[in-house]
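In: Structure, please.
(one chain, ligands or ions: 2)
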Amino acid sequence: MSDRSATNSSTAPAPGSRRLLKLAHRATLVAPSILSADFAKLGDECRAALAAGGDLLHVDVMDGHFVPNLSMGPAICDCVHRALPEAVLDVHLMVTDPAAYIESFAKAGAAHITFHIEAVSDPLPLVAQIHALGLTAGLAINPDTPAAALEPYLTDIDLALVMSVHPGFSGQKFIPSVLPKSRTLRDAAPRGLRVEMDGGITPETAPACRAHGCDILVAASAIFGRNDYASVIAALRA
Ligand code: DX5
Ligand code: ZN
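Out: Ligands and ions are numbered 1, 2, ... in the order given. Predicted coordinates:
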């Protein structure tokens, strides 16, 4: 592990903590998901996505249990953080046991951690742990989970993530029937809560997401693999 990780105690706030909340200057934030980046040149890909207007980097973590795929762990997050220390790393845990990984990702430079409500019986201890580490905290719902599952926790969290594909893979088709859930969460949310949509976001599907209250749009395949990241990111935000 890096020197920086070694000097970070489990109770010390992460450097740049709460930065997600400080991105309030833009009404709609775009979060390029590095899941579709070329991992052989990950630093360059991240740098290009931010230079093209990406506001934060979305880090999709899959354990092969909660979703039928494996992706990346804290070591990759740590590499990205060390290569781009100012980047706001938005970690999305699609794992059966989020408690096992929160401290590792905080030490690896995450600014924000979202975990799934379907994975826990009581999210509040983990939300408190994330906050104690100096990070912002989010809760995610799968396409088949109702918005009501998050409503009791909206005053405790900083971000509600609505999945618009079944999690596990990039490049899937947007599921429009989830849109009313983001509207419900936006209308029920306290001021300042971010509502993030994730999956199948393109310049064609982004307007409906924005119209239904989403203010962070995650996109992997719509950005990475294209020739011009900037025009796609501008189109998502417009
Ligand atoms: C899906 C991940 C998404 C994914 C989005 O399980 O949570 O963040 O990377 O990929 P696209 O934008 O290609 O649907
Ligand atoms: Zn994601």
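In: which residues touch the residue of the chain found nearest ligand 2?
Out: Of all residues in the chain, His92 sits closest to ligand 2, with a separation of 3.7 Å (Cβ to the ion). Any C-beta I mention is one placed from the backbone N, CA and C, and that applies to glycine too. Going by Cβ atoms under 8 Å, 6 or more residues apart in numbering, His92 touches His58, Val59, Asp60, Val61, Thr114, Ala140, Leu161, Asp198, Val218.
In: now the strands for the chain?
Out: 29-32, 57-62, 89-94, 112-116, 136-141, 159-163, 194-198, 216-219 (DSSP state E).
In: Need the per-residue pLDDT for the residue of the chain closest to ligand 2.
Out: Note on His92: pLDDT of 98.
In: Is it bridged to anything, and to what?
Out: His92 has these beta-bridge partners by DSSP bridges: Asp60, Thr114.
In: Okay, it and Ser170: tell me how far apart.
Out: 12 Å (Cβ to Cβ, to the nearest Å).
In: shared neighbours, the two?
Out: Asp60.
In: Run through the chain and note the low-pLDDT ranges.
Out: 1-25 (pLDDT under 70).
In: Show me the helices in it, by range?
Out: Remark: helices assigned in the chain by DSSP state H are 3-6, 19-22, 42-51, 74-83, 102-107, 124-132, 179-188, 206-211, 229-237.
In: Comparing those helices, which comes out most buried?
Out: Counting by mean count of other Cβ atoms under 10 Å, helix 102-107 has the highest mean neighbour count of these, with a mean of 22.
In: Output that helix as CSV, nothing but the C-alphas.
Out: C-alpha atoms of helix 102-107 as CSV (Å, rounded to 0.1, in the frame of the first residue of the first chain):
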residue,chain,number,x,y,z
ILE,A,102,-15.4,1.2,3.3
GLU,A,103,-12.2,1.9,5.2
SER,A,104,-10.0,0.5,2.4
PHE,A,105,-11.6,2.9,-0.2
ALA,A,106,-11.4,5.8,2.2
LYS,A,107,-7.7,5.1,2.6
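In: which other helices and strands contact it?
Out: In terms of contacts (3 or more Cβ pairs under 8 Å, 6 or more residues apart in numbering; DSSP states H and E), helix 102-107 is packed against helix 74-83, strand 89-94, strand 112-116, helix 124-132.
In: Distance to Arg26 for the ones you listed - can I get that in a markdown table?
Out: Output for the helices and strands packed on helix 102-107, formatted as a markdown table (distance: least, Cβ to Cβ, whole Å):
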| stretch | distance to Arg26 |
| --- | --- |
| helix 74-83 | 21 |
| strand 89-94 | 14 |
| strand 112-116 | 16 |
| helix 124-132 | 23 |
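In: Among those, which comes closest to Arg210?
Out: Across the helices and strands packed on helix 102-107, Arg210 has its closest neighbour in strand 89-94 (18.0 Å, Cβ to Cβ).
In: Next one: that closest one, is it in contact with ligand 1?
Out: Yes: if you take Cβ under 6 Å from any ligand atom as the test, strand 89-94 does meet ligand 1, through His92.
In: what separates that strand from the chain centre, distance-wise?
Out: Computed by Cα atoms, centre = their mean, to the nearest Å, the chain-centroid distance of strand 89-94 equals 5 Å.
In: got it, and stretch 175-192?
Out: 16 Å.
In: Compute the first-to-last residue distance for that stretch.
Out: In stretch 175-192, first residue to last residue: 26 Å (Cα to Cα, to the nearest Å).
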